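Student: Based on what follows, work out the 3D shape:
(one chain, ligands or ions: 1)
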Amino acid sequence: MSLKIEKHIDVRGRKREIILKAFNEVLEEFEERVKIKKMKGIRLFVTLNPVKTCEKIILPKGKLRRHSELREWICRNSPSFSYWERDSKPTIMVDANQKIFRELNYQAIKGLFAHELMHLVDKLEKIEDNLNDVAEETINDIICLLRKHKEIPPFTIDRLLSSFIRITISTVLFMKDIFANTRAMSFGFDEEIYANYKAVLEGVKEEIKFTERGIMKALKEDRKHILDNAFLTYLGLNTCWIPFKMFHNEWYKELKELADIKVPKIVKDNCKEILKEMLKLRSASDREQVARVLKLTQQKYFNIVRYFCKKLKSLELCHPSSYKVL
Ligand SMILES: [Zn+2]
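Tutor: Residues are numbered from 1 along each chain as shown. So this is what the prediction gives:
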């Protein structure tokens, strides 16, 4: 193999061999299709200790926007990600604690590697930069929405602004995933990608549930992020089936069913329209469609915030003494 792979693998023995075999198989397929050699080398981390591994990634100055991916990684929300900034080596980080590694689900492991490797290819071809640029341009839309907002705790202007930023960055990541997966599928990795998502989604419905009552309780206790989590979790899980539906692959139905976690109706209804718009994403260079998805997501999130603000307001009117005044 001509591409140098720097391996940092915590797993030993047969498991290690299988993981490396999966990675090499995927890499070979890629080498036939894209100019992956331009990368010169790849650092591959398959780790049992994600936080510790983070020490090894030195974030270059001024790249704090990458913190959201790091945060998701440390919080174990994201079991893998790829990282590549100028002056650093292309890096793939994989959390070996996930089920697909415990059970040695070969297809799914290949799917995960194909997905992460495609992120690096997309970075190499500056495809992902386009998305980041469009996201930067939506700041005016966020300000516009903030201007319409009537503050009620915990939705103060500054905290709502941080929510909008978190939602925008996450939506960019969802779109990067859609583009990486559609391209990996066009390379013939549809079964592997499907196996990976199926493994990831199995059991989430039992594990993750957001009720309107639970969210209201959290908001009253100043835990605003619970609403953001409900919105982003539902949207994020549902982006898994988007590439399959785009390709008219019937497997999307099963993934869609698995991703259909319990969230309040208002969240589901608003996300539905975002997902519909995401289905029209064809290329990351279609800046208009990318911007449309981002603006729609911000608007829909704002609709949900307004719904809960109204509920909080009516509560405040009923029990003014029990409620904090801004
Ligand atoms: Zn990804």
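Student: Spell out the secondary structure type for residue 45.
Tutor: strand (DSSP: H, G, I helix; E, B strand; the rest coil).
Student: beta partners for it?
Tutor: residue 8, residue 93 (DSSP bridges).
Student: separation between it and residue 19?
Tutor: Applying Cβ to Cβ, to the nearest Å, the value for residue 45 to residue 19 is 11 Å. No exception for glycine: its C-beta is placed from N, CA and C like everyone else's.
Student: Mutual contacts of these two, please.
Tutor: residue 9 (Cβ atoms under 8 Å, 6 or more residues apart in numbering).
Student: any weak-confidence spans in this structure?
Tutor: The model of the chain has pLDDT under 70 over residues 1-2, 56-78, 320-326.
Student: so where's the longest helix in it?
Tutor: Among the segments of the chain that qualify as a helix by DSSP state H, the longest is helix 287-318.
Student: tell me which strands and helices that helix is in contact with?
Tutor: helix 127-137, helix 139-148, helix 157-186, helix 212-220, helix 225-239, helix 265-278 (3 or more Cβ pairs under 8 Å, 6 or more residues apart in numbering; DSSP states H and E).
Student: Quick one: closest of those to residue 49.
Tutor: Smallest distance to residue 49 across those (Cβ to Cβ): 23.2 Å, for helix 157-186.
Student: Tell me the first helix or strand C-terminal of the closest one.
Tutor: Moving toward the C-terminus from helix 157-186, the next helix or strand (DSSP states H and E) is helix 190-201.
Student: hmm, who's touching that next one?
Tutor: Under Cβ under 8 Å, 6+ apart, the answer for helix 190-201 is 26, 79, 98-100, 103, 105, 107-112, 114-115, 181, 184-185, 237, 240-241, 243-244, 247, 249, 251, 254-255, 258-259.
Student: May I see the PyMOL selection of the buried members of these?
Tutor: Command for PyMOL that selects the buried part of those, burial taken from 16 or more other Cβ atoms under 10 Å:
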select buried, resi 26+79+98+100+105+107+108+109+110+111+112+114+115+181+184+185+237+240+241+243+244+249+251+255+258+259
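Student: how many neighbours does residue 128 have?
Tutor: 23 (other Cβ atoms under 10 Å).
Student: right, and it touches residue 176 too?
Tutor: Yes: applying Cβ atoms under 8 Å, one finds residue 128 in contact with residue 176, separated by 5.6 Å.
Student: Mutual contacts of those two, please.
Tutor: 119, 122.
Student: circling back to that earlier point, and the helices and strands packed on helix 287-318 as TSV, adding distance to residue 38?
Tutor: Formatted as TSV, those follow (distance: least, Cβ to Cβ, whole Å):
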stretch	distance to residue 38
helix 127-137	14
helix 139-148	33
helix 157-186	17
helix 212-220	47
helix 225-239	28
helix 265-278	30
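Student: Having no further points to raise, I will conclude here.
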